[in-house]
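**Q** Show me the folded form of this:
(chains A and B)
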Amino acid sequence: DGGITQSPKYLFRKEGQNVTLSCEQNLNHDAMYWYRQDPGQGLRLIYYSQIVNDFQKGDIAEGYSVSREKKESFPLTVTSAQKNPTAFYLCASSPSSGTYGSPLHFGNGTRLTVT
Amino acid sequence: DQQVKQNSPSLSVQEGRISILNCDYTNSMFDYFLWYKKYPAEGPTFLISISSIKDKNEDGRFTVFLNKSAKHLSLHIVPSQPGDSAVYFCAASAIRGTSYGKLTFGQGTILTVHP
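**A** Got it, this is the predicted structure:
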């Protein structure tokens, strides 16, 4: 079964520590995305990558970093510079380099709690 | 700057009746619109989409209407079922410009369908 795997489902970290969220897809999709969900704010785009070895900042990239060394993988690092890191993080992918005409497929998310 | 807005945080409907979820957008470059459904602790799943060359798209119990002049779209669910209870997100993208290659989401509307 093809899909997007995010791990772990729940993650707890102390303030000041960097943490990396995993996202792997076996859909052979070119484009991958990271969104963050907060109550009442919907989904906000953090970073996206349309092709291997390339990525762009989304609307709320500050305090985050990504890499795209392989087509299947798009890990997100939440750094200590991110002021409000506690949130539900969603990874997504789409077949083409743009989302026009290609709905995003989402993973089941990682809930990060930083105390 | 919220480019996609869902002004109703919640909607409660009786089973068998019609559910109407609304969405407004401000970016005139948006030309492709999608609706996603999300259950708690899961990723959103694609429901239905519409491009700007159409004003209506239907898929079973779900119909999306687009009014470009008003920059407004709506999702109709008829008849509503208890299993439809979820958060519904409206999203938009563009074939060109700064919104190319990414989806912009609304805040979501919580739909509750009572038996």
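**Q** can you give me the strands for chain A?
**A** Along chain A, the segments classed as strands by DSSP state E run A:4-7, A:10-13, A:19-25, A:31-38, A:42-51, A:54-57, A:64-66, A:76-78, A:87-94, A:105-106, A:110-114.
**Q** okay, the ones you listed in CSV with distance to residue B:9 next?
**A** Bear in mind the C-beta positions are built from the backbone N, C-alpha and C, glycine included. What follows is the strands of chain A, written out as CSV (distance: least, CB to CB, whole Å):
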stretch, distance to residue B:9
strand A:4-7, 26
strand A:10-13, 26
strand A:19-25, 27
strand A:31-38, 14
strand A:42-51, 11
strand A:54-57, 29
strand A:64-66, 27
strand A:76-78, 27
strand A:87-94, 17
strand A:105-106, 21
strand A:110-114, 21
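**Q** closest one to residue B:53 among those?
**A** Proximity to residue B:53 (CB to CB) singles out strand A:87-94 among those, at 20.5 Å.
**Q** Could you provide the strands of chain A in a markdown table, with additional columns for mean neighbour count, distance to chain B and mean pLDDT?
**A** Below are the strands of chain A laid out as a markdown table (neighbours: other CB atoms under 10 Å in any protein chain shown; distance: least, CB to the nearest CB, whole Å; pLDDT from 0 to 100):
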| stretch | mean neighbour count | distance to chain B | mean pLDDT |
| --- | --- | --- | --- |
| strand A:4-7 | 18 | 8 | 94 |
| strand A:10-13 | 14 | 9 | 94 |
| strand A:19-25 | 19 | 11 | 96 |
| strand A:31-38 | 24 | 7 | 93 |
| strand A:42-51 | 21 | 4 | 92 |
| strand A:54-57 | 14 | 8 | 93 |
| strand A:64-66 | 20 | 14 | 97 |
| strand A:76-78 | 20 | 15 | 97 |
| strand A:87-94 | 24 | 6 | 94 |
| strand A:105-106 | 22 | 3 | 92 |
| strand A:110-114 | 17 | 7 | 94 |
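**Q** beta partners for residue B:72?
**A** residue B:24, residue B:67 (DSSP bridges).
**Q** And it, how far from chain A?
**A** 17 Å (CB to the nearest CB, to the nearest Å).
**Q** Touching, that residue and residue B:21? I think so.
**A** No. Assessed by CB atoms under 8 Å, residue B:72 is found out of contact with residue B:21, at 11.6 Å.
**Q** the more surrounded of these two?
**A** A count of neighbours by other CB atoms under 10 Å in any protein chain shown puts residue B:21 above the other of residue B:72 and residue B:21, at 21 against 13.
**Q** Residue B:83 belongs to a strand?
**A** No. Using DSSP: H, G, I helix; E, B strand; the rest coil, the assignment for residue B:83 is helix, not a strand.
**Q** That one: how many residues sit nearby?
**A** Neighbours of residue B:83 (other CB under 10 Å): 9.
**Q** so how far is chain A from the nearest residue to it once chain neighbours are set aside?
**A** Leaving aside its sequence neighbours, residue B:83 sits nearest to residue B:113 (CB to CB, 6 or more residues apart in numbering or on different chains; 7.8 Å). According to CB to the nearest CB, residue B:113 and chain A sit 21 Å apart.
**Q** which residues does the residue most central in space within chain A form a beta bridge with?
**A** Centroid-nearest residue in chain A, with CA atoms, centre = their mean: residue A:34, separated by 2.7 Å. Beta bridges link residue A:34 to residue A:47, residue A:91, judged by DSSP bridges.
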